[in-house]
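K.L.:
Make a model of this:
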Amino acid sequence: PLPRRLKVGQEIDGLLVEEVLHDARETLVYRVKNQRNGQQLVLKTLQPDMAGDSAATAALLMEAWRARRVVSPFFPQVVPVEDKSCLYYLMTWHAGAS
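P.N.:
Next up is the predicted model:
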């Protein structure tokens, strides 16, 4: 399932939402903090109303698959997640201007 729309201060799978970075038509991107180790990460998922859209789900999964294959200090790295309760993927957080 897709996660509900998250707000700052809410938690999902041990990750605390600190900021909504991007709210697009199909996707949501959050800056989160891993409450176990304090690491700041980026969580990307689909908008809740995209539930049941197999093309959007496949696109997000393919994006995560491709991102795992790019190993570079200039590109966010996908962070493995155990025991996810819903569909999302995590990347390393890099502060700075976009």
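K.L.:
tell me, what residue is most central in the protein?
P.N.:
By C-alpha atoms, centre = their mean, the chain has its centre lying nearest to Leu43, at 1.9 Å.
K.L.:
Show me the beta-bridge partners of that one.
P.N.:
With DSSP bridges applied, Leu43 shows beta-bridge pairing to Tyr30, Leu90.
K.L.:
pLDDT score for it?
P.N.:
We note a pLDDT of 98 for Leu43 in this prediction.
K.L.:
who are the neighbours in contact with it?
P.N.:
Going by C-beta atoms under 8 Å, 6 or more residues apart in numbering, Leu43 touches 12, 15, 17, 29-32, 88-90. All C-beta spots, glycine's among them, are computed from the backbone N, C-alpha and C.
K.L.:
before we move on, what about Val81?
P.N.:
Residues in contact with Val81 (C-beta under 8 Å, 6+ apart) are 13, 88-90.
K.L.:
Shouldn't it be within a helix?
P.N.:
No - counting by DSSP: H, G, I helix; E, B strand; the rest coil, Val81 falls outside a helix, being coil.
K.L.:
how about the strands in the protein?
P.N.:
Using DSSP state E, the strands assigned to the chain run over residues 11-12, 15-23, 27-34, 40-46, 78-79, 89-92.
K.L.:
follow-up on the earlier one: make TSV from the contacts of Leu43 and add neighbour count, pLDDT and distance to Met50 to it.
P.N.:
Listed next are the contacts of Leu43 as TSV, based on neighbours: other C-beta atoms under 10 Å; pLDDT from 0 to 100; distance: C-beta to C-beta, whole Å:
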residue	neighbour count	pLDDT	distance to Met50
Ile12	18	97	17
Leu15	21	97	20
Val17	17	98	19
Val29	16	98	14
Tyr30	26	98	16
Arg31	17	98	21
Val32	25	98	20
Tyr88	23	98	12
Tyr89	20	98	15
Leu90	23	98	19
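K.L.:
Just put the residues you listed in a markdown table and tack on distance to Leu60.
P.N.:
Formatted as a markdown table, those follow (distance: C-beta to C-beta, whole Å):
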| residue | distance to Leu60 |
| --- | --- |
| Ile12 | 16 |
| Leu15 | 17 |
| Val17 | 18 |
| Val29 | 11 |
| Tyr30 | 14 |
| Arg31 | 18 |
| Val32 | 17 |
| Tyr88 | 8 |
| Tyr89 | 7 |
| Leu90 | 13 |
